[in-house]
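In: fold the following and give me the result.
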Amino acid sequence: MQAAANGSDRIRVLIADDHRLFGQALEPILATDERLQVVGHAGDGADAVQLALSVEPDVILMDISMPIMDGFQATKQIRKQQPRACILMLTGSNSRTDLDRARKAGAAGYVTKDRIAAELIDAIVEVVAPK
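Out: Got it, this is the predicted structure:
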């Protein structure tokens, strides 16, 4: 695997989810892969935008439904300020509308929360892989 964009050999991940326990539960899942490093947690979309700009993660795991600013709006804001940001939308929904909105917002991918353990690490590694 090529080094992450930040020059480190680990992929830096920011978790943005308003369900604190869910966000905290993701960290041990991601810690099972030595290529990944969690660099922050945001509890709402506005915090996600601020943290994304300050910690400059390689990948942002963005919940769709959050207070203050939803994941779609936060994704648009981050992509406007950091066009190369890789954002994976996380949701409990399989809605085609949500998938379309995620793409339009600039998300690099979409993972449903029921598939987290099986697909999340692969999805993170895939979005930062050279194209």
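In: remind me which residues of the chain are low pLDDT?
Out: The chain contains residues with pLDDT under 70 at 1-8, 117-118, 131.
In: tell me where it has helices.
Out: For the chain, the helices defined by DSSP state H occupy 20-31, 45-55, 71-81, 96-105, 116-128.
In: who wins for proximity to residue 89 among these?
Out: Closest to residue 89 of the helices of the chain, according to Cβ to Cβ: helix 96-105, at 4.3 Å. Every C-beta, even on glycine, is put in place using the N, C-alpha and C of the backbone.
In: show residues contacting that closest one.
Out: In this structure, residues lying in contact with helix 96-105 by Cβ atoms under 8 Å, 6 or more residues apart in numbering are 64, 71-73, 75-76, 79, 89, 91, 110.
In: with stretch 23-31 instead?
Out: Here stretch 23-31 has contacts from 13, 15-17, 36, 38, 41, 43, 61, 116-117, 120-121, 124, using Cβ under 8 Å, 6+ apart.
In: neighbour-wise, give me the winner out of these.
Out: Neighbour counts for the contacts of stretch 23-31 peak at residue 16, which has 29 neighbours (criterion: other Cβ atoms under 10 Å).
In: now it: how far from residue 80?
Out: 16 Å (Cβ to Cβ, to the nearest Å).
In: ok, residue 25 next?
Out: Distance from residue 25 to residue 80, by Cβ to Cβ: 30 Å.
In: repeat that for residue 34.
Out: For residue 34, the distance to residue 80 equals 33 Å [Cβ to Cβ].
In: and those two? Which one has more around it.
Out: Comparing residue 34 with residue 80 by other Cβ under 10 Å, the one with more neighbours is residue 80, at 11 against 8.
In: can you tell me which residue sits nearest the middle of the protein?
Out: Residue closest to the average C-alpha location in the chain (Cα atoms, centre = their mean): residue 61, at 1.7 Å.
In: so who does that residue touch?
Out: Contacts of residue 61 by Cβ under 8 Å, 6+ apart are 13-17, 26, 88, 90, 120, 124.
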